Each structure stands twice: as C-alpha cells, then as structure tokens.
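Chemist: Fold the stuff below for me.
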Amino acid sequence: DIKALFERMPNKRYLYVIRRLVLEDAEPKDVAEELQVSVENLYNIKKRAIASLTQVALNDTERYEKEINGQ
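Modeler: Below is the predicted model:
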C-alpha cells in the first residue's frame, strides 16, 4: 500500500516531491518554485526521493517476509 510506504518515509520533503511530480504530474518549474530551488536541484531531490522510497519499500518487504516465515 503506497500510503503505508509514504508514512514510513522519514524525509517529508522527498514525499512532497514524489507526490507533486509523480502522482500529481505537476510541472517541475512550478514545484521548484514552491520549494525555492532550481529545476536542476529539484531533479536531484527527486532522484534521492525515489531512492529513499525504494529503500523503504525494500525494508518493508524484508520485514513482511520475516513475519510470514516466522522469524
């Protein structure tokens, strides 16, 4: 569940960037202005945000697998 993964993300700025750029399909220029960063920096933030979300999802998967295997 994406909502559960989002709740586990420690960096709320990353979460904001993912929501605006990926889920809402907002224009990068607009999001960059909202965050008061350059568009280039926004793309770097997005890259780190997706990496962070991926790590959260992997950790969640590992935890779930341990639970079902009785560890």
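Chemist: Could you list every helix and strand that the top helix by length along the chain packs against?
Modeler: In terms of residue count, the longest helix belonging to the chain (DSSP state H) is helix 39-68. Here helix 39-68 touches helix 2-8, helix 12-17, helix 28-35, going by 3 or more Cβ pairs under 8 Å, 6 or more residues apart in numbering; DSSP states H and E. (C-beta placed from N, C-alpha, C; glycine too.)
Chemist: So, low pLDDT: which residues of this protein?
Modeler: Counting by pLDDT under 70, the low-confidence segments of the chain come to 64-67, 71.
Chemist: My read is that residue 57 contacts residue 6, right?
Modeler: No. Look at residue 57 against residue 6 with Cβ atoms under 8 Å: they stay out of range, at 10.5 Å.
Chemist: ok so, going back, pick the most buried one from the helices and strands packed on helix 39-68.
Modeler: helix 12-17 (a mean of 17; mean count of other Cβ atoms under 10 Å).
Chemist: residues in contact with that one?
Modeler: Under the contact criterion Cβ atoms under 8 Å, 6 or more residues apart in numbering, helix 12-17 has outside partners 6, 9, 31, 35, 42, 45, 46, 48, 49, 52, 53.
Chemist: try 10 Å
Modeler: Surrounding helix 12-17, the residues in contact under the criterion Cβ atoms under 10 Å, 6 or more residues apart in numbering are 5-9, 11, 26, 28, 31-32, 34-35, 37, 42-43, 45-53, 56.
Chemist: go on, stretch 22-37?
Modeler: Here stretch 22-37 makes contact (Cβ under 10 Å, 6+ apart) with 2, 6, 13, 16-21, 38-46, 49-50, 53.
Chemist: try it again with 8 Å
Modeler: By Cβ under 8 Å, 6+ apart, the list of residues contacting stretch 22-37 reads 13, 16, 17, 20, 21, 38, 39, 41, 42, 43, 45.
Chemist: and the first one, how far is that from residue 21?
Modeler: Look at residue 13 and residue 21: by Cβ to Cβ, to the nearest Å, they are 12 Å apart.
Chemist: Can you give me the buried ones in stretch 48-57?
Modeler: With burial defined by 16 or more other Cβ atoms under 10 Å, the residues of stretch 48-57 counted as buried are 49, 52, 53, 56.
Chemist: Alright, I will stop here.
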